[in-house]
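1. Here is the input, now give the coordinates:
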Amino acid sequence: MQKVVVYAIGGNALQNPSSTKSGEAEETLARVMSDVVDLLESGWSVILTHGNGPQVGHLMQLDEKFSHTMDGWVSATQGMIGHSLALNLDSILMKRRRPERTVCIITRVEVDINDAGFKLPTKPVGPILSDRVVMTADWDIAETANGPRRVVASPLPMNVLDIEVIKKLVELRAVVICGGGGGIPVVKHENHYVGVPAVIDKDRLSSLIAIKLNADALIISTAVDSVKTGFGTTEEKSHRLLTLDQCEDYMSQGEFPKGSMGPKIGSLMEACLHNPNLTAILCQPGDALKSLKGENGTTIVANKTTY
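-> Numbering: from 1, shown residues only. This is a model prediction of the structure:
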């Protein structure tokens, strides 16, 4: 029976199209690719998810006439980033004489139009807006530290429309690249779906995919080597293992801010809560296999453990 892992690629592994510095992102992506090959060679089937924030923002900035909808741009970046990841990974797999090949799925995700996020959009997207756009665009707009920007909802993912296709491809031992940017948000109207302007958290979607597929592991890769409490203080502590109860306690104490570590920890907790046998891990790119062995990163577990 094959073991299945959902691996969420951190934004630090993807090159920001507006940045002139590419070396760090390329190095991080190389470590991600190394993780994938290590997992495959250890008998795991791998599903890759990824973010797209800078890429969507870049395309929206180029679209001066606002001729495309936001869900259209999300789908475009899924194809762009998926294509790039697949080329990288297929090249490595062929050199290593691995039998697996990659496949990219344009992933649609159902959200609830009554989600509280639609009533008060807070997620900034796209470029800084000109005075003309602020006055004429029919958008929710908020003032940010750098100037006015469009804001959209960030609803919770309810259902992955393409989950059965993803499941079948995993059974065929493909490396599936999916859920880009948290998926394309859609809502159901009677007997059809329509895209909506929103941003789904990539880690929340990764958790949902792991739950729907009954995956054996969920790995969220990020820039830090483990979950830390007292971050940046003299009381800073790294945790190799955390229970759900401990995570909840630290959450209530404000240890995991909503804008950074909070969604990642919450996503790992959600997956672990639905499937207590799932291995939920946060680690740096390059540490996946060692983290699965308990040697690196942080593992979140459902049961009480003494440590």
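2. Only C-alpha atoms from now on, for both contacts and neighbour counts.
-> Will do.
3. Which residue ranges of the stretch 151-300 of the chain form helices?
-> All helices of the stretch 151-300 of the chain, identified by DSSP state H, counting those that start in this stretch, fall at 163-171, 202-212, 244-252, 261-274, 288-292.
4. Could I get the contacting residues of Tyr250?
-> Counting by C-alpha atoms under 8 Å, 6 or more residues apart in numbering, Tyr250 touches Thr229, Phe256.
5. That should have said Asn146, apologies.
-> Asn146 sits next to Ile128 when contact means C-alpha under 8 Å, 6+ apart.
6. re the thing from before, which of the helices of the stretch 151-300 of the chain is buried the deepest?
-> Sort those by mean neighbour count, taking mean count of other C-alpha atoms under 10 Å, and helix 202-212 sits at the top with a mean of 25.
7. Convert the C-alpha atoms of it to CSV, please.
-> The C-alpha coordinates for helix 202-212 follow below in CSV (Å, rounded to 0.1, in the frame of the first residue of the first chain):
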residue,chain,number,x,y,z
LYS,A,202,-2.7,27.6,0.4
ASP,A,203,-2.0,25.8,3.6
ARG,A,204,-5.7,25.5,4.5
LEU,A,205,-6.3,23.9,1.1
SER,A,206,-3.3,21.6,1.5
SER,A,207,-4.8,20.4,4.8
LEU,A,208,-8.2,19.8,3.1
ILE,A,209,-6.6,17.8,0.3
ALA,A,210,-4.7,15.7,2.8
ILE,A,211,-8.0,15.0,4.7
LYS,A,212,-10.0,14.2,1.5
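8. what's the span of stretch 3-23, first residue to last?
-> Terminal residues of stretch 3-23 are spaced 33 Å apart (C-alpha to C-alpha, to the nearest Å).
9. Let's have the helices of the stretch 151-300 of the chain in JSON lines, adding mean pLDDT and distance to Thr49.
-> As requested, the helices of the stretch 151-300 of the chain are exported to JSON lines (pLDDT from 0 to 100; distance: least, C-alpha to C-alpha, whole Å):
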{"stretch": "helix 163-171", "mean pLDDT": "97", "distance to Thr49": "12"}
{"stretch": "helix 202-212", "mean pLDDT": "97", "distance to Thr49": "7"}
{"stretch": "helix 244-252", "mean pLDDT": "94", "distance to Thr49": "24"}
{"stretch": "helix 261-274", "mean pLDDT": "95", "distance to Thr49": "13"}
{"stretch": "helix 288-292", "mean pLDDT": "96", "distance to Thr49": "15"}
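10. and the helix or strand containing Leu87, how far from the chain's centre?
-> Applying DSSP states H and E as the criterion places Leu87 in helix 70-95. Centroid separation between helix 70-95 and its chain, computed with C-alpha atoms, centre = their mean, to the nearest Å, is 14 Å.
11. Mind listing the strands the helix or strand just after it pairs with, and their directions?
-> Scanning forward in sequence from helix 70-95 by DSSP H and E, the next helix or strand is strand 102-104. Using DSSP bridges, strand 102-104 pairs in its sheet with strand 175-177 (parallel).
12. Leu87 is in contact with Leu93, correct?
-> No. Leu93 is not in contact with Leu87 according to C-alpha atoms under 8 Å; the separation is 10.0 Å.
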